[in-house]
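Enquirer: One predicted model, sequence on top.
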Amino acid sequence: MSIKETKTDVILIGAGIMSATLGTLLKELAPEMEITMFEKLANAGEESSNEWNNAGTGHAALCELNYTVEKPDGSVDISKAININEQFQVSMQFWSYLVNSGLIQNPEDFIRQLPHMSLVHGEENVTFLKKRFEALSNNPLFKGMEFSDDHDKLIEWIPLIMEGRTLNEAIAATKIDSGTDVNFGALTRMLFDHLTKQNVELKYNHQVDDITRTSDGLWELKVWNMATGNIERHTAKFVFIGGGGGSLHLLQKTGIPESKHIGGFPVSGLFMVCNKPEVVEQHHAKVYGKAKVGAPPMSVPHLDTRFIDNKKSLLFGPFAGFSPKFLKTGSMMDLVTSVKPDNLVTMLAAGAKNMGLTKYLIEQVMLSKEQRMEELREFIPNAKAEDWDLVVAGQRVQVIKDTEAGKGTLQFGTEVITAEDGSVAALLGASPGASTAVHVMLQVIKKCFPDQISEWEGKIKEMIPSYGMSLMKNPGLLEEVHTFTEEALGLREKELVYS
């Protein structure tokens, strides 16, 4: 059997939103660059990026309470919220550039304006939400946010959630109309359709089995062509590992020092979905609550309006589950085979430190439908079991690594691991992930293409006018950015005034 060998400039592993974004950025910056993408599944955006495998929230920290923390002195730290909002604005600018340049069409197929809300119960939580609102609403990034603990106003905002509640119940919400519902699966497919026209070679049904360094410093990939059964070898100067939960195994195969002492802990997700029109039409927002005491950040309950294939539905969750698989289409041996001599102590330390998480996951797995309905009824008191079905969302692999906080620290977020020479980069972790894809991929480009970044800066600023600047510190630029992104993406429904 002959082994096919090819050489290219850049290899992307995984046909998700991250590879799609990086490939699109690189092709705009260096049209002559040769890029090849490998994906083991038959289509793009089938794992974490798929519209049914994530919540579809444009994460801008407008409603996610876990991005704002109450400090010991009672004040609210909004620094993480500011960072995430700024990063989402970068994505919005790049998507607008692609639409205005005619590189992708019909933005309504992947993004819609939808109010983002935070909802809390109990006097203590209401007090916290009001403090959070005061801290955020004074910041130009969060202009237009409203707060109310008035039942009549809340009935106007969220009638489905308020139906059946007593007047003496302490409940409050914040609302901001500039939130978004994003179909990352549709966007991923659009970007790869565009890349096909840019002569990027997209190889589906191709599984990357190994990555090794050659004597001349290139990376050689051993790839199984699943359609023919043949083994292929492909070399490149730069490799991006964007295979979702599958990235950890491939990163470990590179053998780079940065891949050591890193582990992964898989968490699966479940959502309740309602497609009954008379229920769906009573709710129009993404409403995020507060995670229960002791529950991990990814368990924050939320009731979301979703638009998938131009059909409106409601999703509630997530309910956590456990599977040793790192991908929905992965192997039951994924977790076991990710444990190596260099990360064994790290993984054991994480296990010892996270007994509470383990207990939480076991409890979640054991929930009956009626028990899940009881949690839903904390949001919708009159919810009926026959109106809701269960759907399995994507697998998320939380990063475990040694940090200043100690060995085996579980990370809840998105992480990029790069080789010191910038020749390989891998994306690990979970939320806010897709929403901040453009910011994250620009960081990859900055680290991995240091010799070209200065000559590319002009083009980057054309695509992302705020590049290198803080929108929070430049309200005039912020207003301009909001105006052109709203117009390009068809999001302008309500005028907001920026100061």
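Expert: Here it is on my side, so go on.
Enquirer: give me the low-pLDDT residue ranges for the chain?
Expert: In the prediction, the chain carries residues with pLDDT under 70 at positions 1-3, 293-298, 431, 492-499.
Enquirer: Could you identify the longest helix within it?
Expert: Identified as the longest helix of the chain according to DSSP state H is helix 79-100.
Enquirer: For it, which residues meet the burial criterion?
Expert: Using 16 or more other CB atoms under 10 Å as the test for burial, helix 79-100 gives 80-99. Where C-beta positions appear, they are placed from N, C-alpha and C, glycine not excepted.
Enquirer: Check which helices and strands the following helix or strand past that helix is in contact with.
Expert: Next helix or strand after helix 79-100 toward the C-terminus (DSSP states H and E): strand 111-113. With contacts defined as 3 or more CB pairs under 8 Å, 6 or more residues apart in numbering; DSSP states H and E, the packing partners of strand 111-113 are strand 180-182.
Enquirer: Tell me how far the strand it packs on lies from the chain's centre.
Expert: Relative to the chain's own centre, strand 180-182 is displaced by 12 Å; criterion: CA atoms, centre = their mean, to the nearest Å.
Enquirer: And the residue nearest the centre of this structure?
Expert: The chain has Gly433 as the residue nearest its centroid, 2.9 Å off, counting by CA atoms, centre = their mean.
Enquirer: you'd agree that residue is up against Ser48?
Expert: Yes. Contact between Gly433 and Ser48 holds when scored by CB atoms under 8 Å: they sit 7.4 Å apart.
Enquirer: For the lengthiest strand in the chain, which strands pair with it and how are they oriented?
Expert: When the chain is parsed with DSSP state E, its longest strand is strand 389-403. Taking DSSP bridges as the criterion, strand 389-403 forms sheet pairs with strand 262-274 (antiparallel), strand 406-411 (antiparallel).
Enquirer: circling back: same for the longest helix of the chain, what does it pack against?
Expert: Counting contacts by 3+ CB pairs under 8 Å, 6+ apart, helix 79-100 packs against helix 17-29, helix 184-197, helix 437-448, helix 453-463, helix 475-489.
Enquirer: ok, residues contacting the first one?
Expert: Residues lying outside helix 17-29 but in contact with it, judged by CB atoms under 8 Å, 6 or more residues apart in numbering, are 10, 12-13, 33, 35, 37, 44-45, 49, 94, 98, 103, 184, 187-188, 191-192, 194-195, 198, 200, 240, 242, 427, 433-434, 437-438, 440-442, 444-445, 452, 456, 459-460, 463.
Enquirer: hmm, try it at 7 Å
Expert: Residues outside helix 17-29 that contact it (CB atoms under 7 Å, 6 or more residues apart in numbering) are 10, 12, 33, 35, 37, 49, 184, 187-188, 191-192, 194-195, 198, 200, 240, 242, 427, 434, 437-438, 441, 444-445, 456, 459, 463.
Enquirer: do the same with the shortest one
Expert: Contact partners of helix 453-463, identified using CB under 7 Å, 6+ apart, comprise Glu28, Leu29, Phe94, Tyr97, Ile445, Lys446, Tyr467.
Enquirer: residues of it that come out buried?
Expert: Trp456, Ile460, Met463.
Enquirer: can you redo those residues as CSV with distance to Leu376?
Expert: Formatted as CSV, those follow (distance: CB to CB, whole Å):
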residue, distance to Leu376
Trp456, 48
Ile460, 44
Met463, 42
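Enquirer: Dump the C-alpha coordinates for the longest helix of the chain into CSV.
Expert: Extracted C-alpha coordinates of helix 79-100, given in CSV (Å, rounded to 0.1, in the frame of the first residue of the first chain):
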residue,chain,number,x,y,z
SER,A,79,-13.4,42.8,35.5
LYS,A,80,-14.1,39.4,34.0
ALA,A,81,-17.5,40.6,32.6
ILE,A,82,-15.7,43.5,30.9
ASN,A,83,-13.0,41.3,29.3
ILE,A,84,-15.6,38.8,28.0
ASN,A,85,-17.8,41.7,26.6
GLU,A,86,-14.8,43.3,24.9
GLN,A,87,-13.9,39.9,23.4
PHE,A,88,-17.4,39.3,22.0
GLN,A,89,-17.4,42.8,20.4
VAL,A,90,-14.3,41.6,18.5
SER,A,91,-16.3,38.6,17.1
MET,A,92,-19.2,40.9,16.2
GLN,A,93,-16.8,43.2,14.3
PHE,A,94,-15.2,40.4,12.3
TRP,A,95,-18.6,38.8,11.4
SER,A,96,-19.7,42.3,10.3
TYR,A,97,-16.6,42.7,8.1
LEU,A,98,-17.3,39.3,6.5
VAL,A,99,-20.9,40.3,5.7
ASN,A,100,-20.0,43.7,4.4
